[in-house]
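Colleague: my questions are about this predicted structure, shown below with the sequence.
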Amino acid sequence: MKKIFSWLSVVVVVGISIFFISTQRVNAPVITQDVSLPSQTVASSDIVNTSLEMIEVISPLPNSALVSPLTITGRARGPWYFEASFPIELRDANNVLIAKTVAQAQGDWMTEDFVPFTATLTFPLQPAGSQGMLTFKNDNPSGEPQNSMMFDVPVVF
């Protein structure tokens, strides 16, 4: 009986581990430019790309200082959208929601290719130098956790 309980415990722990690993956020954007240098034009080197290769954020870049209203631009593959939009959330360092908005596709989103998006986010003044996170979520009308994807860009205020 103890052997069965031990094996059952191992199976449960492995199952829970697999669940948590499969639902983790993408938190490590690959930065393809020196973000300390301002950029006037957008070139392919000015894009932050996720390891999932589903969404590329042009602005804001990681650790950018945000001011409201914030213009957000980038491109995402068609499956990231639903009805040509997807949600974006701004949270503080304590993970408290500050503001949210909806990004709109700037072209035909019914494709596997990248489609440009834009959004405007208005948010209340935050303490100078405080940190936050801009979270890009795929639009997931099914509500199924296995269909959820998100991409975080760290920011400062």
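Modeller: Arrived safely. Numbering: from 1, shown residues only.

Colleague: Gln146 should be in a helix, yeah?
Modeller: Yes: assessed by DSSP: H, G, I helix; E, B strand; the rest coil, Gln146 belongs to a helix.

Colleague: just use 33 as the starting number from now, easier for me
Modeller: Got it, first residue is 33 now, which makes that one Gln178.

Colleague: and the gap between it and Val134?
Modeller: 23 Å (CB to CB, to the nearest Å). To be clear about C-beta, it is placed using only N, CA and C from the backbone, and glycine gets the same treatment.

Colleague: settle it for me: which of the two has more neighbours?
Modeller: Neighbours per residue (other CB atoms under 10 Å) separate Gln178 from Val134, with Val134 holding more: 14 against 9.

Colleague: give me phi/psi at the more buried one?
Modeller: Note on Val134: its backbone torsions stand at phi -130, psi 130 [degrees, to the nearest 10].

Colleague: tell me the bridge partners for the residue nearest to it when sequence neighbours are not counted.
Modeller: Leaving out its chain neighbours, the residue that sits closest to Val134 by CB to CB, 6 or more residues apart in numbering is Ser117, at 4.8 Å. Counting by DSSP bridges, Ser117 is bridged to Phe114, Gln136.

Colleague: so Ser117 makes contact with Ala135?
Modeller: Yes: contact criterion CB atoms under 8 Å: Ser117 and Ala135 qualify, at 6.2 Å.

Colleague: of these two, who's got more company?
Modeller: Ranked by neighbour count (other CB under 10 Å), Ser117 and Ala135 place Ala135 first, with 26 against 17.

Colleague: any idea how far Asn127 is from the more buried one?
Modeller: According to CB to CB, Ala135 and Asn127 sit 21 Å apart.

Colleague: try Phe118
Modeller: 20 Å.
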